[in-house]
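K.L.:
Please work out how this folds:
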Amino acid sequence: MEGSILSIRGDESVCITPRLFDSPYKGNYALAEKLCSTDNGLGLAGVYSEDEEYNIRVQWNTTWEAVTSIQNDNGKILTNDVWVNGDCGNSNINECVSTDSMVNTSFNQSPQTRYQATEKLYGEGSPYCAFLSPVAPFVFRSGCNSTSAYADSGLMRGAVCLTQPL
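P.N.:
Just a heads-up that it's a prediction; the model follows:
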């Protein structure tokens, strides 16, 4: 599938595909889940390792940079943030639970389906969900109902999906 990444997770191989929301190219976490359930999608992908997260960011920037370059009213180009699998709850605890059963513990030593997120909270209100930024490493958290991660400087442009190989 175009724009897909073959990622090795331990002894398993998975296909990961960053997908762009339809125009106006922004959406909340529920829309990301829906996006990842269509066209051979198996659901939102979690982040297995730092290498996988880096490869996702590179693929996202390479594939969608021209399509998603949108400026705010001040002429600043908005960041192209992307949802990943992760329920970060309602509190300030910087840990997210992933329903992607293959997510590794490389970000911390918690149970297998948990990984660290940054301590900062973005977007509006709880509950919080996980996202990646194209310009900075780590998993971040934003309000699950938000379509913007950083007030006036970024938008949630798509989702990282687990997909079936074609």
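
K.L.:
Which helix or strand in this protein has the lowest average pLDDT?
P.N.:
strand 114-116 (a mean of 45; mean pLDDT, DSSP states H and E).

K.L.:
Give me the neighbour count for residue 96.
P.N.:
By the criterion of other Cβ atoms under 10 Å, residue 96 has 27 neighbours. Glycine gets a C-beta too; all of them are placed from N, C-alpha and C.

K.L.:
same for the helix or strand hosting it, what does it pack against?
P.N.:
Here residue 96 sits within strand 95-97, counting by DSSP states H and E. Judged by 3 or more Cβ pairs under 8 Å, 6 or more residues apart in numbering; DSSP states H and E, strand 95-97 is in contact with strand 79-89, strand 114-116, strand 128-132.

K.L.:
Mind putting those into JSON lines with distance to residue 17 and mean neighbour count?
P.N.:
Output for those, formatted as JSON lines (distance: least, Cβ to Cβ, whole Å; neighbours: other Cβ atoms under 10 Å):
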{"stretch": "strand 79-89", "distance to residue 17": "11", "mean neighbour count": "25"}
{"stretch": "strand 114-116", "distance to residue 17": "20", "mean neighbour count": "21"}
{"stretch": "strand 128-132", "distance to residue 17": "14", "mean neighbour count": "27"}
